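Q: model the structure of this input:
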Amino acid sequence: MPVSSHFHNSERVRPSLRRLAAAVLAVTVGTLSAVASAGPASAEPAPAYDHSKDKGRAPGTHGPLPKGFSTTELSVKFKADREVRLRDRKLVAEDTADAAAVQRVLAKHDGASIRPLSRASEEKVTQRRLQLEKRVGRELPDLNSWFVVTVPKGIESLLDDLNALPSVEIAQARPITVAPVEPLRSHQRYRNAPGSAQGGGVDADYANAQPGGKGDGILVTDIEAQGALSSQTGPQTVAAGDDHSLLVAGGTSLGQVWAWGDNSQGQLGNGSTTPKKVPVQVTGLTNVTAVSAGKGYSVALKSDGTVWAWGDNSQGQLGNGSTIDSATPVQVAGIFNAVGVSAGAGHALAVLSDGTVRAWGDNSQRQLGYGTSDSAIAITVPGLTGVAGGAGTVAAGGTHSVVVLSNGTVKAWGDNAQGQLGDGTTVDRTTPVALPGLTGVKQISSRADHVLALLNGGTVKAWGDNSQGQLGDGTTVDRTSPVAVSGLSNAYVVSAGSLHSAAIALPPSSSLLTVHTWGDNAQGQLGNGTTTDSTTPIVTSASNETVSAGLAHTFGKAGQWLYSWGANGSGQLGDGTTVSRTFPYEQFTLLNAWNLCHEDLAGRVTAGTVVQMPSMFGDPCTSDASVHHGTAVAGVIGAKDDNGVGMAGIAPHARLNLSTSSIPDAVGYAATSSLPGDVILFEVAIATSGGWYPWELDSSVYDQTVLATAAGVTVVEAAGNGGNDLDDPNDAFAATVMGRPDSGAIMIGAGAPPSPGGTNCTGSSPTAELRALSFSTYGSRVDVQAYGACVATLGVTGWKDLTPSVTDPNKMYTGTFDGTSSASAVVAGAVADLQGVAKAASGVLTPAQVRDTLKLTGTPQPAGDPHHIGPRPNLHAAIDDVLTP
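A: Predicted coordinates for the structure are as follows:
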């Protein structure tokens, strides 16, 4: 089989302990020690790979796009010397003509947005790259040159436009990642010593008996192909309550509602009253178009015109005819044609398609517009017609109500102690009254005792309580008539919190919609890094498409990103903590992929808690099919070995971090949490019309991998389950992978497990041990193999063949985990053990030394197998080799 230029020579000198003394990477807190580079001092450093060689040739760099590539999102790398950057929301470059050319191209494509690939600052990215270049003696990719561009209407023509620009090194559609799906579904033999009568494996038992050999001191980050939750666009698709938050999902989850924060009255709608610091799905609610969060309760509008509510019902604010709280959604009785909703402190409003309004709940200040008592059913507000339909045309405040009529005028009723009715008085009104002199209104918002009105021209008016400067007119004087919010123009959305206000507006000389805030800032809810109030709008760093202001927190969204800041005592920011934030916290809408409550993962005392990075949507104790893959991988690597139940992970003392490929800079993000000797596992593949390929086919992932391995982090990468030959010159996808210099990752194939007695979980005529399984991608670039079938690990509902009678999902186990998924998990655990031993003895190995050691000491693949996937690791031999003087 031909050997590519980046295939490591198996005759390379073995890295024994004595020789490692000068070559290993010493792990020192806060520092990155350098390895002396070989070769003459005067030699020019080798350049980073130039991706422009792949423009127009590599799949995804031109139209028509092949299957398996995003049609709405691309990665673009600008040539490093052009220094194209996004600063203060503006494109800049060494040559201003380059920035102008890129801006013109983006402007041609409606809705195009651009953001840096890396979440870190330019300075940090540059500093880290320079440190690594000094260590490895060659130039490395500049992640500051990488950006992600999203175009909702399609990227094909933009790809051609960008790749035609002289400043662009490459623009490539982002491949859609998938988990290397197990092609087989049928006890821990993979832990056995080679040649064991029960079936040979990697000899984890030997490794675990050595000092450091349980992965001690090593971090393993599992990157799964779990997706992200798309959020629905438009106003009222996010809602901030007193201490909880709501989000309406889009995409494949269109119309689902997610909630987080305080749940003392069931306002999260998940059937419990337990608070949640991360988003959980509201039970049984679909086809929702708008949400509103009140004080301890929530309201949702569905596409069929019905209205649903859940949480506190002490004043009948759920509208179902009772005053009993409900921790799951109940239908508001008698409403079938609503087109807009609003939840206030204790009462709610719904505008119907005929222009009338229904009101229910608290009526202590006559805010329902009828009667004198609270109402647990929705009743039409008498004498009110012609109300505009849609989100933001009705607003239930603290104890007052406001509506926008179809002619752009406003009416209000209820409490008026602070002028919140805007009629020039402080006299309460029991029926709707018109606001004099206010026209051209298209949206209103109120939460406590002040009101915001967005006018057609993009200006904003405000009135009512101004004790904290929440009217934005530069004073703290209450206003009984509308006043202009100072200096705010080009506004698109407004939201009134309890004592602060927020708006989405387009600042002068900017093309990015930005959040502006003003008023109370005691909890950092203005998002400017301070806790100082502001009586006029300030510009935050959040570029959002919509925003919602709550009691003392604010959050908004832009695509699949959420931005939240302010009070967080109940977890209402959804970041997994209860720490308040004075700056916008950026959170991707990642979906959980693991059951962290499984008995073999929960309470890992020695290794520490399994950590999701960053926090994710969904219950971390989920046990259905959606978390099967991630839970199985985590079990192979890190299942507890000291609890007397279940099974033992290969590296039970390794720390586990869990992440997903949906993060744009997933590898770089994982690398920032890793030290030399740590492991990043790619449980991800790219599925195209030509088959399945390793993740580094994605050009941006390739560059991130090069940087990670240069930093001393070992990357373990699944080759994929496509049965593809990476050495096939006629395969454009394979040629792209093989045409680049070695990324430094260890690529894993799926080998046949042993079959003691002539059978195993695959059947009575299994593939001979150590031969490549038919589905495994293969070729000279594939370094080592492990079991591609019959791997025993943690199970979930539907995958519990080792515990068929068990009903507790946290005690289920399976023996049929397979594919390059299982193989890569086994190797990642083996690498953690090897690095743990090396670290305990002298210092961790470099990624290249790890790979060479595994290949040199492994149990060889049968010589007659035409599908090269390399040897199976033998930890006994590998450890002996490393420790041999």
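Q: so what's T431 up against?
A: The neighbours of T431, taking Cβ atoms under 8 Å, 6 or more residues apart in numbering as the test, are 369, 382-383, 413. Glycine gets a C-beta too; all of them are placed from N, C-alpha and C.
Q: so where's the chain shaky on pLDDT?
A: 1-43, 180-186, 230-235, 252, 509-511 (pLDDT under 70).
Q: so it: which segments form each domain?
A: What automatic domain parsing lists as the domains of the chain is 17-46+179-227+591-883, 69-175, 238-578.
Q: same list, those, but as CSV with distance to P584 please.
A: Listed next are the domains of the chain as CSV, based on distance: least, Cβ to Cβ, whole Å:
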stretch, distance to P584
domain 17-46+179-227+591-883, 14
domain 69-175, 13
domain 238-578, 4
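Q: report the buried members of the contacts of T431.
A: Using 16 or more other Cβ atoms under 10 Å as the burial test, the contacts of T431 include 369, 413 as buried.
Q: from the contacts of T431, pick the one nearest M647.
A: Closest to M647 out of the contacts of T431 is G369 (64.4 Å), distances taken as Cβ to Cβ.
Q: and that closest one, helix, strand or coil?
A: coil (DSSP: H, G, I helix; E, B strand; the rest coil).
Q: can you give me the strands in the stretch 501-650 of the chain?
A: Using DSSP state E, counting those that start in this stretch, the strands of the stretch 501-650 of the chain run over 514-519, 534-539, 546-549, 553-558, 561-566, 581-588, 611-612.
Q: among those strands, which is nearest G68?
A: In terms of Cβ to Cβ, the element of the strands of the stretch 501-650 of the chain nearest to G68 is strand 581-588, at 21.5 Å.
Q: now what about the closest one, what contacts it?
A: Residues from elsewhere that reach strand 581-588 (Cβ under 8 Å, 6+ apart): 119, 228, 515, 524, 527-531, 540-542, 560-566, 568, 573-575, 614-615, 662-663.
Q: immediately after the biggest strand by length in the chain, which helix or strand?
A: Ranked by number of residues, the top strand in the chain under DSSP state E is strand 69-78. Sequence-wise, the next helix or strand downstream of strand 69-78 (DSSP states H and E) is strand 85-87.
Q: distance from the chain centre to that next one, please.
A: In terms of Cα atoms, centre = their mean, to the nearest Å, the centre of strand 85-87 is found 23 Å from the chain centre.
Q: next helix or strand past that strand?
A: Next along the chain after strand 85-87, taking DSSP H and E as the criterion, comes strand 90-92.
Q: each with direction, which strands does that following strand pair with?
A: Strand 90-92 sits in its sheet next to strand 85-87 (antiparallel), going by DSSP bridges.
Q: list the buried residues in the strand it pairs with.
A: For strand 85-87, burial by neighbour count (16+ other Cβ under 10 Å) applies to 85-86.
Q: quick check: buried residues in stretch 703-719?
A: By neighbour count on 16+ other Cβ under 10 Å, the buried set for stretch 703-719 is 703-719.
Q: out of the residues you listed, which sit inside helices?
A: Among these, the ones falling in helices (DSSP state H) are 703-710.
Q: just the buried members of the contacts of strand 581-588?
A: Those of the contacts of strand 581-588 that meet the buried threshold are 119, 228, 515, 524, 527-528, 540-542, 560-566, 568, 573-575, 614-615, 662-663, by 16+ other Cβ under 10 Å.
Q: tally of neighbours for G334?
A: Using other Cβ atoms under 10 Å, G334 has 15 other residues around it.
Q: same question, the one 10 residues further on
A: A count of neighbours around G344, defined by other Cβ under 10 Å, yields 28.
Q: find the nearest non-adjacent residue to it, please.
A: Closest residue in space to G344, ignoring its immediate chain neighbours: A396 at 3.0 Å, by Cβ to Cβ, 6 or more residues apart in numbering.
Q: just confirm that neighbour contacts V351, I think it does.
A: No: assessed by Cβ atoms under 8 Å, A396 is found out of contact with V351, at 11.3 Å.
Q: which of those two has more neighbours?
A: Between A396 and V351, A396 has the larger neighbour count (other Cβ under 10 Å), namely 31 against 27.
Q: which strand residues bridge the more buried one?
A: In this entry, A396 is beta-bridged to S401, by DSSP bridges.
Q: OK, contacts around it?
A: Listed by Cβ under 8 Å, 6+ apart, the contact set of A396 reads 292, 294, 342-345, 347-349, 359, 367, 446.
Q: any idea how far Q210 is from V220?
A: Separation of Q210 from V220 (Cβ to Cβ, to the nearest Å) stands at 18 Å.
Q: so between these two, which is more surrounded?
A: Between Q210 and V220, V220 has the larger neighbour count (other Cβ under 10 Å), namely 31 against 20.
Q: the host helix or strand of the more buried one pairs with which strands?
A: Secondary-structure element containing V220, defined by DSSP H and E: strand 219-224. When pairing is defined by DSSP bridges, strand 219-224 lines up against strand 655-660 (parallel), strand 679-683 (parallel).
Q: count of neighbours near the nearest residue to D703 once chain neighbours are set aside?
A: In space, and not counting its chain neighbours, D703 is closest to P141: 3.7 Å by Cβ to Cβ, 6+ apart. Neighbour count of P141, defined by other Cβ under 10 Å: 22.
Q: so P141 makes contact with Y49?
A: Yes: judged on Cβ under 8 Å, P141 makes contact with Y49 at a distance of 7.2 Å.
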